[in-house]
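S.K.: the following comprises the amino acid sequence and a computationally predicted model.
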Amino acid sequence: MALEARPAEVVKVLDDVARLGPYFEIATGVGAAWRPFPEVDGGRLLAVAEEYRERLGTDELRVAASILFQGLASRVWSPVVAAAGRGVVPDLSGLRWRWAPGEALALGLGEPRGWRVEDAAEAAGLIHPMVVDGQLRPLSEAILSFAGLADGLLWGNAASALAGSLNVGPAGSRGAIVRDLLAREPLAGAGSIGRDGFVRHNCCLYYRVPGGGMCGDCGLRDDRPGI
């Protein structure tokens with residue numbers, strides 16, 4: 001059984017991984033003005049998606065919603081997996097968010113808690129239900145309430161976001177954690193890991209953005225060696 005980490009340990013590891021970049025940032029000590037994340041009421045998420053749609057220059061809300069989900073999935077996976085690679089899994093049950101039109105969306109924790117872990121299997125066992133069931137599943141349901149997207153596409157986005165978290169900084173023990181998580185439902189079967197890295201089996205729709213193209217792990221690409 002994983003041992004509980006001291007709040008100061010959780011704060012330190014979150015501060016450390018935040019240096020990897022904005023997708024790894026979770027603020028600590030946030031106040032009540034921050035809203036619970038994810039919100040099952042899709043109204044506020046719809047406003048964020050509409051702003052994404054305008055920024056991307058697309059008329060398709062579903063495209064913006066898909067990219068929004070993938071970005072938020074990355075914002076959740078990246079700091080947690082990076083922290084776990086340093087031996088601490090932050091508890092996201094109290095995750096909160098802050099957003100206003102024209103501002104970047106931020107994630108935070110009011111009272112940081114977590115667990116010490118000793119190996120990838122232990123870390124993945126804690127992370128999987130916390131992120132998949134506690135964060136991404138309700139987030140996907142909220143987004144599907146206003147965007148016509150396939151459920152499998154969103155889980156492909158989640159898998160892509162998870163695999164993509166290894167592209168920043170040294171992978172270290174994060175690689176074993178990510179492989180374990182990708183083998184668990186509903187991510188299992190969303191893609192495969194080969195010599196060229198992770199390749200998903202569907203598409204996030206970014207190619208439909210004006211001036212966009214296919215992502216490096218897109219299942220629609222046919223320009224990889226051997227394809």
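M.R.: Okay, I see it.
S.K.: and the longest helix anywhere in the chain, what does it pack onto?
M.R.: Secondary structure of the chain per DSSP state H: the longest helix is helix 61-84. Packing partners of helix 61-84 (3 or more Cβ pairs under 8 Å, 6 or more residues apart in numbering; DSSP states H and E): helix 7-18, helix 42-56, strand 88-90, helix 120-128, helix 137-144, helix 151-164, helix 174-182. Every C-beta, even on glycine, is put in place using the N, C-alpha and C of the backbone.
S.K.: deepest of those, which one?
M.R.: With neighbours taken as mean count of other Cβ atoms under 10 Å, the helices and strands packed on helix 61-84 reach their highest mean count in strand 88-90, at a mean of 26.
S.K.: next secondary structure element downstream of that strand?
M.R.: Later in the chain than strand 88-90, the nearest helix or strand by DSSP states H and E is strand 95-98.
S.K.: so which residue is dead centre in the chain?
M.R.: Residue closest to the mean C-alpha point of the chain, counted by Cα atoms, centre = their mean, is residue 73 at 2.1 Å.
S.K.: enumerate every residue touching the closest residue to that one other than its chain neighbours.
M.R.: Closest residue to residue 73 apart from its sequence neighbours, by Cβ to Cβ, 6 or more residues apart in numbering: residue 161 at 3.9 Å. The contact partners of residue 161, taken as Cβ atoms under 8 Å, 6 or more residues apart in numbering, are 70, 71, 73, 74, 77, 78.
S.K.: give me the buried entries from those.
M.R.: Among the contacts of residue 161, those buried by neighbour count (16 or more other Cβ atoms under 10 Å) are 70, 73, 74, 77, 78.
S.K.: pLDDT and distance to residue 7 for the residues you listed - can I get that in CSV?
M.R.: As requested, the buried ones among the contacts of residue 161 are exported to CSV (pLDDT from 0 to 100; distance: Cβ to Cβ, whole Å):
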residue, pLDDT, distance to residue 7
70, 96, 31
73, 97, 26
74, 96, 25
77, 97, 22
78, 96, 21
